[in-house]
Structure formats: C-alpha cells, structure tokens
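Asker: Quick one, what's the 3D model for this:
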Amino acid sequence: MKPLIIAIDGPSGAGKGTVARAIAAALDYRHVDSGAMYRAVGWKALHDQVALDDEDAVAILAGRAPIDLSDARVTIDGQDVTRAIRTPEIDKAAAAVARLPRVRAVLVERQRQLGAAGGVVMEGRDIGTVVFPTADVKVYLDAAPEERARRRANDPAHTGVPSAVSDVKSMLSQRDELDRTRTASPLYAAPDALVIDTTGKSVGDVVREVLGVIDEKVKR
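Answerer: Coordinates of the predicted model:
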C-alpha cells in the first residue's frame, strides 16, 4: 500500500493538533503542523523588526530562514521557538503573515515538499484545499465556539492566553474572521472532506472515526 497523504483542516480549538498527532502515531506517519510554520515566520518577523504587512520583506525572511518541525520542537533559523510561538501576540502575527500571498506561496511549497512522499498527517487551514487538493483523505474538524474557547483556555501549550473563556472566544472569533476572509487560501472545508463536529466528543471517538475513514480508503 502506498503511503497516504492525510489532510486535517479546521479552525483553532477544533482539535486538529490532538487528533492529527494521534492519527500519525496510530499509522506510524509523520505529523506536520503547518500552522507552526506561519507562527514561526510571524515570530521571526517580530524578532527581526520586520513589518508584518511588508509582504516582500516577510516573504524573503520566510524563504531564507530554515524551519524545522517535530512534535517536540519548532526551530527557525536555528532558534528554538517551541513555546514562544504559542502566545496571543504570535496568534495575531501568524494571522497577519498568513494573509500575504507571497509568504503563503513560500510555505505551501515547503509543506508540499514535506508531504510529497506520503506517510504524512498534515494539519492546518488549507491543506485539503490548497496544499494537497488531491490528498488521499481529507478531514475538516469544527466545534461550537464556546467549546473551542474552553479548550484553548485550558491548553497548557498556549501561554498567556486569557483565562476567561469569554475573552478567548472573542480572540478566536477575530482569528476566524481573518482566516475566512483572507484573499489567499481562505479557511473552508473542501467539498470532498469529511466534516466532523467535535463538540462534546472525546478525542478517542474522533480518532476512531477518522481511522475508520482511512481504513475504508485503504480497502477501496
């Protein structure tokens, strides 16, 4: 059986990361968090005092700076930014650079290189629509806004996130609006994606549902 390309998309707090890592572990596939690449570029731009709306400068930065991803570490230009990129400030920076078409072109090409051979579970916001429109399996995860906010507020991986769920809900709503209205690769579910509402579902239930779809794909 050829190694599959599995795309998992959806908004923040829908469970993409947890589910994607579990699927990758179950299949012994590589897990790639594409969002971490945009976060790393946003962090690097702020660190180097590059204006986030300077498309040419940010695209050059993104093209020159090596980014290394694993479940344990994220580095850019040799600097470990694993925790530094999980803050509200970098949420905003990532959303800003993700709106820049030239930056997206640079990072999409890198993502395609990472997943070209298959054997990958890649999560993001445009994996099944832009990065790998012919992915073997496409999944779009979503959840009620209140549920997504609660998860993010309780996620230890995100430092500096407001403790009040209502504040996080407002923050996520702003990010959703940016992602869905951007010209370059807006967030939406691919027509052939399996859409799963994870509200009230356990991680195990969602993982089993996705693995079932993958199993059917393999059988066909």
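Asker: residue nearest the centroid of this protein?
Answerer: By C-alpha atoms, centre = their mean, the chain has its centre lying nearest to Gly124, at 2.8 Å.
Asker: is it true that that residue touches Val131?
Answerer: Yes: contact criterion C-beta atoms under 8 Å: Gly124 and Val131 qualify, at 7.0 Å. Where you see a C-beta, it was placed from the backbone N, CA and C, and this is true even at glycine.
Asker: which neighbours do those two share?
Answerer: By C-beta atoms under 8 Å, 6 or more residues apart in numbering, Gly124 and Val131 have these common neighbours: 7, 34, 111.
Asker: List the buried residues of the helix or strand hosting the last one.
Answerer: So that's Gln111. Element membership of Gln111, judged by DSSP states H and E, is helix 101-115. By 16 or more other C-beta atoms under 10 Å, the buried positions in helix 101-115 come out as 103-104, 106-108, 110-111, 114-115.
Asker: which one is Lys16 nearest to, not counting chain neighbours?
Answerer: Glu123 (4.4 Å; C-beta to C-beta, 6 or more residues apart in numbering).
Asker: Equivalent analysis for Ala96, please.
Answerer: Leu52 (4.2 Å).
Asker: Could you measure from that neighbour over to Leu61?
Answerer: 11 Å (C-beta to C-beta, to the nearest Å).
Asker: what do those two both touch?
Answerer: With C-beta under 8 Å, 6+ apart, Leu52 and Leu61 have common neighbours Ala45.
Asker: Show the contacting residues for Gln111.
Answerer: With C-beta under 8 Å, 6+ apart, Gln111 has these contacts: 32, 34, 37, 122, 124, 127, 131.
Asker: Among the residues you listed, which one has the most neighbours?
Answerer: Ile127 (33 neighbours; other C-beta atoms under 10 Å).
Asker: Show me where the chain has its strands.
Answerer: 5-9, 30-33, 67-69, 74-76, 79-80, 120-124, 137-142, 194-197 (DSSP state E).
Asker: low-scoring pLDDT stretches of this structure, where are they?
Answerer: 159-163 (pLDDT under 70).
Asker: let's see 90
Answerer: Across the chain, the ranges flagged by pLDDT under 90 are 1-2, 12-13, 70-72, 87-88, 91, 149-187, 216-220.
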